[in-house]
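> Return atomic coordinates for the entry below.
(one chain, ligands or ions: 1)
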Amino acid sequence: MIALVGLPGGGKSTVGRQLAKRIKARFIDSDAVLEERIGMPIRLFFEQHGECLFRDHEEAVIDELTSQATAGAPLVIATGGGVVLRPANRQHLRERATVIYLRSTPEELFRRLRHDTQRPLLQVKDPMARLRELYEQRHPLYEETAHHCIDTGRPSVGALVNMIVTELGLAELSPPEA
Ligand code: S3P
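This is a model prediction of the structure:
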């Protein structure tokens, strides 16, 4: 089981989906599972119930997803950016999955997320300052949780997938499709 962690907008879902395709794994986006469970968009849930209750649901979903039997088809999980805030999530991810930190700078994320309206934590006056804060707070937690770190910087999604496949030693098992 491979899990991707990192700040919002770093490409966890896009890269995760492509990676799963490449290594013939199943792909699960934990935020999508959460939205199904809470029955509404995450942004609305934050407004109505607050972040703490959201984190409770997130913790339960991460526990369940990482407890799935890994026999059979491998699994790639894209997680929400705040997943590392709870120690239980950090522990479950680190012990049960191979965790990859997609590291992006706040500047890069700002360029990508300038027009985003769905991420509750970025609906503030100064999203750049917020991204810097989130980076400072979370970067050490992503590092603590992850077994591998990949810089998202310039490479395309395809190049990032290649880097992950090489880093995990999966290259021989899953050549790129012609
Ligand atoms: C969050 C990131 C979101 C989502 C929720 C909280 C965060 O996921 O889980 O809005 O705390 O950074 P993405 O990282 O996929 O945007």
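> What helices and strands are in contact with the longest helix along the chain?
As assigned by DSSP state H, the longest helix anywhere in the chain is helix 42-67. Applying 3 or more C-beta pairs under 8 Å, 6 or more residues apart in numbering; DSSP states H and E, one finds that helix 42-67 contacts helix 30-38, strand 75-78, helix 87-96. Backbone N, C-alpha and C define where each C-beta goes, glycine included.
> List the buried residues for that helix?
Across helix 42-67, burial judged by 16 or more other C-beta atoms under 10 Å covers 42, 45-46, 54-55, 57-59, 61-62, 65-66.
> Intersect those with the contacts of the ligand.
Applying C-beta under 6 Å from any ligand atom to the buried residues of helix 42-67, one finds that I42 fall near the ligand.
> hmm, which two among the buried residues of helix 42-67 are most spread apart?
Greatest spacing in the buried residues of helix 42-67, by C-beta to C-beta: F46 and T66 (23.5 Å).
> could you give the mean pLDDT of the longest helix of the chain?
Mean per-residue pLDDT for helix 42-67: 96.
> quick one: low-confidence ranges for the chain?
Applying pLDDT under 70 to the chain flags the ranges 69-72, 172-178.
> Buried ones in stretch 1-19, by neighbour count?
Of all the residues in stretch 1-19, those buried under the rule 16+ other C-beta under 10 Å are 1-13, 15-19.
> With stretch 148-157 instead?
149-150, 152.
> Could you tell me which of those are located in strands?
Counting by DSSP state E, the members of those that fall within strands are 149-150.
> Return the member of the buried residues of stretch 148-157 nearest to the ligand.
Closest approach to the ligand among these (C-beta to the nearest ligand atom): T152, at 12.7 Å.
> In contact with the closest one, which residues?
Listed by C-beta atoms under 8 Å, 6 or more residues apart in numbering, the contact set of T152 reads 6, 10-11, 102-104, 108, 160.
> rerun that using 7 Å as the cut-off
Applying C-beta atoms under 7 Å, 6 or more residues apart in numbering, we find T152 in contact with 10-11, 102-104, 108, 160.
> ok, back up a step: adding distance to the ligand as columns, could you present the buried residues of stretch 148-157 in CSV?
Output for the buried residues of stretch 148-157, formatted as CSV (distance: C-beta to the nearest ligand atom, whole Å):
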residue, distance to the ligand
C149, 17
I150, 16
T152, 13
